[in-house]
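Novice: need coordinates for the below:
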Amino acid sequence: MSIPTITSAHAATLDAADAAEVNRIALDLCSWGDEQVDDPAWVTAVREASAGLPVALRQALRRFKRHSGPTGTLLVRGLPVDGDVLPPTPAVDGSVQRLVTVPAAVLMMTACELGEPAAFRAEKSGALVQDVVPVPGKETFQGNAGSVLLSFHNENAFHRHRPDFVMLLCLRPDHDRVAGLRTVCVREALPRLSAAARQTLFSAEFVTDPPPSFGAGGGGTAPHAVFHGSPEDPDMRVDLAATTPLTPRAGAALAELAQVFDGAATAVRLDAGDLAIVDNRVAAHGRTAFRPRYDGADRWLQRTFVATDLRRSRDHRPHDGQVLDR
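Specialist: Here you go, the predicted model:
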């Protein structure tokens, strides 16, 4: 058994042997055919195949699942993404991955080790593996199709059953290697906040709208707190582009939180084969700006959401599938 090189408490690099084993298992899953990623039978096969992933990788994922550490982010490097045979980067709105590929299999197997892959019908047509790519004409869009600075947010903060983990696998970096995934954890932010801001952020004085990626329609939340749970280690629910304060003190607290986020955040420039896993319960994420060229070689990430307890959303998932209809 090989052990990945640990570069920090929650980062790991697969060695060549482990990467080759992941690739072999992923290729076996590719034998199913073309458009099978969302097929329940293929998801079942992925779930069973994930048990064969290298032990060291599964151990790293399980440690992170139990406690995501001070940054709420795990970076796994050296995963196979079939870089030599990648097609051009998609450049259309709503792009998803329906075809069975090595990267899709890698994402889905990792999801099954953390919980269950999940998606939302209103976003990206409910695909379990979604493309995160720049789209011409949407440069200023506050979502996955944009290329300007993307503000900090918990993924789908408006939704009762928002993902527990967000996984972003880099297939191709941006031309200039400047796009950075920004993350910040409530465990880093909490000690930097004033007592007044902390108290207010634990109060139900905020509402959050759905992100633009969900399209028009649909209301926001009932009043909610930004922090909830343990006072020493709370969960967080905020989208700086979509969360609105309801009182003056809530406005001041949210502004202070945004300032603290900027001071506490870290950024990583993902390269091909890098997988970033964000604990969506305690960490917010965003992205630095970059300049797409729309030449088929732009930045290309693929994204999958993970629910640690899929049962909680059973009334939202017809036929006990992986996709939430509402």
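Novice: residues of stretch 138-148 that come out buried?
Specialist: Applying a neighbour-count criterion of 16 or more other Cβ atoms under 10 Å, the buried positions in stretch 138-148 are K138, F141, Q142, G143, N144, A145, G146, S147. (Each C-beta comes from the backbone N, C-alpha and C, glycine too.)
Novice: and which of these is nearest T13?
Specialist: Nearest to T13 out of those is N144 (Cβ to Cβ; 26.1 Å).
Novice: now the closest one: closest residue in space, sequence neighbours ignored.
Specialist: Nearest-residue entry for N144: V132, 4.4 Å, with adjacent residues in sequence omitted and distances by Cβ to Cβ, 6 or more residues apart in numbering.
Novice: list the contacts for that neighbour?
Specialist: If a contact means Cβ atoms under 8 Å, 6 or more residues apart in numbering, then V132 has N144, L168, W300, L301, Q302, R303 as its contacts.
Novice: how about the helices in the stretch 101-250 of the chain?
Specialist: With helices called from DSSP state H, counting those that start in this stretch, the stretch 101-250 of the chain shows them at 102-114, 186-189, 195-201, 248-264.
Novice: can I get these in JSON lines including mean pLDDT, distance to L79 and mean neighbour count?
Specialist: Listed next are those as JSON lines, based on pLDDT from 0 to 100; distance: least, Cβ to Cβ, whole Å; neighbours: other Cβ atoms under 10 Å:
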{"stretch": "helix 102-114", "mean pLDDT": "97", "distance to L79": "5", "mean neighbour count": "25"}
{"stretch": "helix 186-189", "mean pLDDT": "97", "distance to L79": "26", "mean neighbour count": "22"}
{"stretch": "helix 195-201", "mean pLDDT": "98", "distance to L79": "36", "mean neighbour count": "18"}
{"stretch": "helix 248-264", "mean pLDDT": "97", "distance to L79": "28", "mean neighbour count": "17"}
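Novice: so which of those is nearest H10?
Specialist: helix 186-189 (11.9 Å).
Novice: need the next SSE after the helix or strand hosting A19, C-terminal direction.
Specialist: If you go by DSSP states H and E, A19 is part of helix 16-29. Proceeding N to C from helix 16-29, the next assigned helix or strand is helix 40-49, under DSSP H and E.
Novice: what is the orientation angle of the following helix or strand past that following helix with helix 16-29?
Specialist: In the C-terminal direction, the helix or strand that comes right after helix 40-49 (DSSP H and E) is helix 55-66. Orientation of helix 55-66 against helix 16-29 (axes from the mean of the first three to the mean of the last three Cα atoms, to 10 degrees) gives an angle of 80 degrees.
Novice: packing partners of helix 55-66?
Specialist: strand 11-13, helix 16-29, strand 73-77, helix 102-114, strand 275-279 (3 or more Cβ pairs under 8 Å, 6 or more residues apart in numbering; DSSP states H and E).
Novice: can you lay out the ones you listed as a markdown table showing distance to V323?
Specialist: Formatted as a markdown table, those follow (distance: least, Cβ to Cβ, whole Å):
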| stretch | distance to V323 |
| --- | --- |
| strand 11-13 | 30 |
| helix 16-29 | 20 |
| strand 73-77 | 25 |
| helix 102-114 | 14 |
| strand 275-279 | 21 |
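Novice: these: which one's closest to E188?
Specialist: Distances from E188 to each of the helices and strands packed on helix 55-66 were compared using Cβ to Cβ; the minimum, 10.7 Å, belongs to strand 73-77.
Novice: what are the C-alpha coordinates of that closest one, in PDB please?
Specialist: The C-alpha atoms that make up strand 73-77 are tabulated as PDB, following Å, rounded to 0.1, in the frame of the first residue of the first chain:
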ATOM      1  CA  THR A  73     -10.900  22.200   2.200                       C
ATOM      2  CA  LEU A  74      -9.100  19.100   1.000                       C
ATOM      3  CA  LEU A  75      -6.800  19.300  -2.100                       C
ATOM      4  CA  VAL A  76      -6.000  15.900  -3.800                       C
ATOM      5  CA  ARG A  77      -3.400  16.200  -6.500                       C
END
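Novice: within the sheet, what are the partner strands of it, with directions?
Specialist: Using DSSP bridges, strand 73-77 pairs in its sheet with strand 11-13 (parallel), strand 275-279 (antiparallel).
Novice: where among those strands is average confidence lowest?
Specialist: Taking the average pLDDT of each of the strands paired with strand 73-77, the minimum falls on strand 11-13, with a mean of 88.
Novice: next up, phi/psi of A145, please.
Specialist: Dihedral angles of A145 (phi, psi; degrees, to the nearest 10) stand at phi -90, psi -10.
Novice: cool, the one 10 residues further on as well?
Specialist: Phi and psi for E155, reported as degrees, to the nearest 10, are phi -60, psi 130.
Novice: was I right about it contacting R162?
Specialist: Yes - E155 sits in contact with R162 when judged by Cβ atoms under 8 Å, with a separation of 6.1 Å.
Novice: what touches both of these two?
Specialist: N280.
Novice: for the residue nearest to the spatial centre of the chain, give me its contacts.
Specialist: By Cα atoms, centre = their mean, the mean C-alpha position of the chain lies nearest to V166, the distance being 2.3 Å. For V166, the set of contacting residues under the criterion of Cβ under 8 Å, 6+ apart consists of E155, I277, V278, N280, H285, R303, F305, V306.
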